[in-house]
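>>> Curious how this folds, go ahead:
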Amino acid sequence: MKVLIIDNDTSIREGLVQLIHKFCPQIAHVDQADGVAAGLKAIEAGTPDLVFLDVEMDDGTGFDLVQKIGDYNFQLVFITAHNKYAVNAFKFSAIDFLLKPIDPDELVLSVKKASGQMKHKDLEQQVKLLRDILSHTGTSKNKDKKIALNDGSIIHYVKIEDIIYCKADGSYTVFYFGNGKKIMVSHILKEYDDLLCDYGFIRTHHSYLVNTTKITRFDKADGGQLFLEENHSVPVSTRKKEQVLDLLSKL
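Just a heads-up that it's a prediction; the model follows:
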């Protein structure tokens, strides 16, 4: 497996190289580049399997670089400083990322995921979605806002407003839509609670996250049950009942 690290910070590049040599034995070769122009040349010359790409560099951004690439014949992992909005954007687009300083366990996980799918056919569309999210800071909560859901074999691009509810299934989350459609992804419900709470979603139970625009009625019997569109229903826990009632009074 061949890797290319593109980052303008020499210490970050060298540190990542050391981590790769120590924790990722499946990587046989590592190249480096210090910016957008050098990175493009290295991609063309070295045909890497996996690219670790910094977001902010001296001669442009990582987004500038990927926009200039014609064919994505590699896996991509962004490297970024901690920024909640940027991190959420990566999660919405299902693009892998590592936070600085890089955690060895997270690095190993990223490399493992990349090894499992050497050619990412949806990378171009994911990057497009990511750029759209990042360029609409003030208007990102519009009704056409999309989220990318990776079920392991297909990346689905769905409108947030079309999600009826989400249900925890161990370390997975199942998304429910109209017409019986559902999508399972390998992320815990808490991650989507954090992502979707600003888009009209509420946690009604430790296992359920509901789109409040899909609520049709609330039955207080037997602890509480929310009825949703498409004949769905979800429980309301005792701990969440007061919060749900308060929300419903404002709808």
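
>>> Mind jotting down where the helices sit in the stretch 151-251 of the chain?
Counting by DSSP state H, counting those that start in this stretch, the stretch 151-251 of the chain forms helices over residues 189-196, 238-248, given from the N-terminal end onward.

>>> For the residue positioned nearest the centre of the chain, which non-adjacent residue is spatially closest?
The centre of the chain sits closest to K91, judged by Cα atoms, centre = their mean, with a distance of 1.9 Å. Spatially, and ignoring its direct neighbours in sequence, K91 is nearest to L195 (5.8 Å; Cβ to Cβ, 6 or more residues apart in numbering). For glycine as for every other residue, the C-beta is placed from the backbone atoms N, C-alpha and C.

>>> Can you tell me how far the one you found is from F52?
Per Cβ to Cβ, to the nearest Å, L195 is found 24 Å from F52.

>>> higher neighbour count, those two?
Neighbours were tallied for L195 and for F52 using other Cβ atoms under 10 Å; the higher tally belongs to F52 (30 against 18).

>>> Apart from its neighbours in sequence, what residue is nearest that one?
Closest to F52 by Cβ to Cβ, 6+ apart is I5, at 4.7 Å.

>>> Checking that neighbour next. Helix, strand or coil?
What DSSP: H, G, I helix; E, B strand; the rest coil gives for I5 is strand.

>>> Burial check on it, number of neighbours?
There are 26 residues near I5, going by other Cβ under 10 Å.

>>> Which residues does it form beta bridges with?
With beta bridges defined as DSSP bridges, I5 has these partners: Q32, F52.

>>> I appreciate the help and will end here.
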